[in-house]
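> Here is my input, please return the structure:
(one chain, ligands or ions: 3)
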Amino acid sequence: MSAFDKLFAYVDENQKYYIDRLAEVVAIPSVSGEASRRPEVVKMGEWLIKELKTLGATVQVHHPGKQTLEGQELDLPPIVLGTYGTDPAKKTVLVYGHYDVQPAFKEDGWATDPWTLVEDDKGRLIGRGSTDDKAPVISWLWVIEAHQKLGVEMPVNLKMCFEGMEESGSEGLDEYIEKEAKGAFFGDVDCVCISDNYWLGSNKPCLTYGLRGISYFMVEVAGPGKDLHSGVFGGTVHEPMTDLFTVMSKLVSPTGKILIPGIYNDVAPVTESEDKMYDSLDFSLADIHSAMESKCTIHGTEKEALMARWRFPSLSLHGIEGAFSSPGSKTVIPAKVIGKFSIRSVPNMEPKKITELVKDFVNAEFAKIGSKNTLTIDCGHAGKAWVADTNHYNFVAAEKAIERVFKVKPDFTREGGSIPVTLTFQEALNKNVLLLPMGRADDGAHSINEKIDKTNYIEGIKLLASYLHEISVAQA
Ligand SMILES: C[C@H](N)C(=O)N[C@@H](Cc1c[nH]cn1)C(=O)O
Ligand SMILES: [Zn+2]
Ligand SMILES: [Zn+2]
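Residues are numbered from 1 along each chain as shown. Ligands and ions are numbered 1, 2, ... in the order given. Below you'll find the predicted structure:
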């Protein structure tokens with residue numbers, strides 16, 4: 001029996017164990033964006049530290065400092081660094097993942113409690129963080145464990161970097177990597193693998209070589225000293241919400257065109273070969289429709305839709321803090337509101353320039369209103385777009401691993417989302433970075449009823465193990 005056969009059989013036999021362990025971590029509501037959940041994020045980091053130590057990995061913990069969130073000074077969650085194997089004859093693979101998750105409330109429309117992993121009759125494992133990014137993160141541990149239980153030697157030295165702030169701008173991580181790039185942990189890395197994105201559809205695995213960047217903005221409008229009765233003050237005050245709506249409505253057209261002058265100036269032109277590449281992808285608009293459970297797409301063709309997601313910037317309005325949003329009909333004029341929106345950026349766009357253009361535009365639009373309220377705008381966090389060289393053994397090894405596990409050749413995709421640290425690894429370590437997704441396009445990351453299919457999780461563990469074996473024999 002080959003090492004692959006043994007590993008695959010072992011993973012199949014232990015499916016229930018893997019699902020139970022996923023349930024254990026989904027039950028830790030490690031939401032990085034909510035101050036009250038910070039102890040849970042730390043608890044999740046500690047869970048990983050304990051598991052890594054149990055597996056015999058060497059663990060270093062970096063505390064990146066403090067942040068202010070919701071008016072509170074909080075410790076940033078630990079960056080957990082695990083090392084398993086230091087054999088100079090083997091390649092060293094760095095894997096990254098995040099153990100924080102997006103917020104989730106049953107009232108948002110979840111069919112089940114977001115923090116209780118539920119397996120439905122279609123084999124979907126539903127719970128916040130199931131696909132983004134808890135199943136992929138813990139799967140690296142299961143790969144080590146399976147090798148140990150079977151007495152099969154790990155084919156590479158594995159370095160693991162797990163953070164608890166990815167969903168909130170990865171505060172503290174870039175600085176740490178840049179400072180430690182030549183140090184003992186990152187200095188001997190040969191290549192990097194991140195499993196934190198999704199297949200293009202629901203059937204075919206893919207390898208991902210590009211991500212968009214993100215610049216996240218908060219625009220605050222304040223005026224009255226307190227919330228007011230609209231019957232008493234309506235018509236007599238400059239209402240912060242009206243000002244905010246006026247400004248926010250100028251940012252983007254209903255068909256997705258960003259209306260901020262100059263924002264498209266730096267977008268890298270689409271090359272002829274790139275344009276052709278879209279024609280060969282195994283993808284249909286139905287994949288997007290099924291992922292979003294509706295047909296309200298802007299574009300009429302697959303190519304236009306994918307280019308809009310991967311290749312061009314977009315601006316999304318996310319919400320308004322301080323606005324009345326409960327059921328019922330409270331007749332209030334909120335005294336202060338904070339609008340949240342973000343721009344997904346693409347190659348050649350610089351966060352500094354994006355921020356300048358956005359601030360100038362928002363301030364100019366606010367000035368046109370002639371309001372006596374005050375407006376302030378800040379960029380909360382920003383990261384640049386990333387594109388990798390796919391002509392590298394890292395991608396070749398991953399392609400072979402996919403063929404071994406799924407018996408198909410993968411699509412090569414880009415992704416509309418952002419993982420800012422990807423570019424930092426590529427530039428600071430000067431190493432190839434690969435994105436090797438585990439979940440499907442319709443997993444509902446960041447949405448209600450987030451899930452990972454049982455097959456994606458189980459085959460995903462096999463995929464990560466196979467990838468490390470293919471790396472070990474790849475021609476550098
Ligand atoms: C693709 C990855 N799994 C992800 O969800 N990334 C987030 C990162 C982020 C940035 N600001 C807030 N979250 C994303 O693309 O939204
Ligand atoms: Zn996410
Ligand atoms: Zn993620």
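
> residues in contact with residue 424?
Taking Cβ atoms under 8 Å, 6 or more residues apart in numbering, we find residue 424 in contact with 173, 174, 177, 178. For glycine as for every other residue, the C-beta is placed from the backbone atoms N, C-alpha and C.

> Got the phi and psi for the residue lying farthest from the centre of the chain?
No residue in the chain sits farther from the centre than residue 232, which is 45.4 Å out by Cα atoms, centre = their mean. Note on residue 232: its backbone torsions stand at phi -90, psi -40 [degrees, to the nearest 10].

> Helices along this structure, start to end?
3-13, 15-26, 38-54, 135-150, 173-180, 230-233, 240-248, 272-277, 285-292, 302-310, 351-369, 393-406, 421-429, 454-473 (DSSP state H).

> Can you say which of the ones you listed is nearest to ligand 3?
helix 135-150 (8.5 Å; Cβ to the ion).

> Who are the packing partners of that closest one?
Using 3 or more Cβ pairs under 8 Å, 6 or more residues apart in numbering; DSSP states H and E, the elements in contact with helix 135-150 are helix 3-13, helix 15-26, helix 38-54, strand 92-98, strand 157-163, helix 454-473.

> Please work out which residues outside stretch 461-471 touch it.
3-4, 7-8, 11, 18, 91, 93, 136, 139-140, 142-143, 146-147, 154-156, 158, 191, 193, 195, 205, 393-394, 396-398, 400-402, 404-406, 436, 438.

> could you pick out which of those are near ligand 3?
Filtering the contacts of stretch 461-471 for proximity to ligand 3 by Cβ under 5 Å from the ion leaves nothing.

> Would you mind listing which of these are buried?
Buried subset of the contacts of stretch 461-471 (neighbour count, 16 or more other Cβ atoms under 10 Å): 4, 7-8, 11, 18, 91, 93, 136, 139-140, 142-143, 146-147, 154-156, 158, 191, 193, 195, 205, 393-394, 396-398, 400-402, 404-406, 436, 438.

> Compute the number of surrounding residues for whatever residue of the stretch 351-476 of the chain ends up closest to ligand 1.
Among all residues of the stretch 351-476 of the chain, residue 417 sits closest to ligand 1, at 3.3 Å; criterion: Cβ to the nearest ligand atom. Residue 417 sits with 17 neighbouring residues when counted by other Cβ atoms under 10 Å.

> Can you give me the pLDDT of it?
pLDDT, residue 417: 96.

> Isn't it up against residue 197?
Yes: using Cβ atoms under 8 Å, residue 417 is in contact with residue 197, at 6.4 Å.

> Overlap of the contact sets of those two?
Shared contacts of residue 417 and residue 197, defined by Cβ under 8 Å, 6+ apart, comprise residue 211.

> For this protein, which residues are neighbours of ligand 3?
Residues of the chain lying near ligand 3 by Cβ under 5 Å from the ion: 132, 133, 196.

> count of neighbours near the first one?
Translated: residue 132. Residue 132: 27 neighbours (other Cβ under 10 Å).

> correct me, but it touches residue 451?
No: using Cβ under 8 Å, residue 132 is not in contact with residue 451; the gap is 10.4 Å.

> Please read off the pLDDT at the residue of the stretch 201-350 of the chain found nearest ligand 1 from the model.
Nearest to ligand 1 in the stretch 201-350 of the chain, going by Cβ to the nearest ligand atom, is residue 214, at a distance of 4.8 Å. Looking at residue 214, its pLDDT is 97.

> Then the one 5 residues further on?
At residue 219, the predicted lDDT confidence score is 98.

> Residue 196: what's it in contact with?
Residue 196 neighbours (Cβ under 8 Å, 6+ apart): 96, 97, 98, 132, 133, 136, 166, 419, 435, 437.

> Now with 10 Å, please.
Neighbour list for residue 196: 96-98, 131-133, 136-137, 166, 208, 211, 415, 417, 419, 421-422, 435-439, 445 [criterion: Cβ atoms under 10 Å, 6 or more residues apart in numbering].

> and what of residue 142?
Contacts for residue 142 (Cβ under 10 Å, 6+ apart) come out as 10-11, 14, 17-18, 21-22, 51, 55, 135, 457-458, 460-462, 464-465.

> same thing but at 7 Å, please
Residue 142 makes contacts with 18, 461, as judged by Cβ atoms under 7 Å, 6 or more residues apart in numbering.

> And for residue 314?
256, 308, 344.

> low pLDDT regions in the stretch 301-450 of the chain?
The stretch 301-450 of the chain contains no residues with pLDDT under 70.

> who in it is up against ligand 1?
Residues of the stretch 301-450 of the chain lying near ligand 1 by Cβ under 6 Å from any ligand atom: 417, 418, 419, 445.

> Could you tell me how many residues sit around the last one?
Applying other Cβ under 10 Å, we find 22 residues neighbouring residue 445.

> try the second one
Using other Cβ under 10 Å, residue 418 has 27 other residues around it.

> I'd say it and residue 211 touch.
Yes: with contact defined as Cβ atoms under 7 Å, residue 418 counts as touching residue 211 (5.7 Å).

> Domain parsing of the chain, as residue ranges.
3-212+386-473, 213-267+312-383 (automatic domain parsing).

> measure the longest one end to end?
Between the start and the finish of domain 3-212+386-473 there is a gap of 14 Å, counting by Cα to Cα, to the nearest Å.

> next one: stretch 67-86
End-to-end distance for stretch 67-86: 35 Å, by Cα to Cα.

> pLDDT averaged over it - what is it?
The model assigns stretch 67-86 a mean pLDDT of 97.

> Give me the contact list for that stretch.
32, 35, 38, 41-42, 45, 48-49, 52, 55, 57-66, 100, 144, 154, 157-165, 171-173, 176, 185.

> quick one on the thing from earlier: which one of the domains of the chain lies nearest to residue 294?
Comparison of the domains of the chain against residue 294 by Cβ to Cβ identifies domain 3-212+386-473 as nearest, at 12.2 Å.

> Give me the spatial nearest neighbour of residue 442, chain neighbours excluded.
residue 291 (4.2 Å; Cβ to Cβ, 6 or more residues apart in numbering).

> number of nearby residues for that neighbour?
If we define neighbours as other Cβ under 10 Å, then residue 291 has 18 of them.

> buried ones in stretch 417-434?
Buried residues in stretch 417-434, counted by 16+ other Cβ under 10 Å: 417-429, 431-434.

> cool, stretch 189-207 as well?
Here stretch 189-207 shows 189-202, 204-207 as buried, counting by 16+ other Cβ under 10 Å.

> Check stretch 358-371 too.
358, 359, 361, 362, 365, 366, 371.

> And stretch 313-332, by the same measure?
Buried residues in stretch 313-332, defined by neighbour count with 16+ other Cβ under 10 Å: 313, 314, 315, 320, 322.

> again, but for stretch 23-36
For stretch 23-36, a neighbour-count test (16+ other Cβ under 10 Å) marks 23, 25, 26, 28, 29, 30, 31, 32, 33 as buried.

> That concludes my questions; thank you for your assistance.
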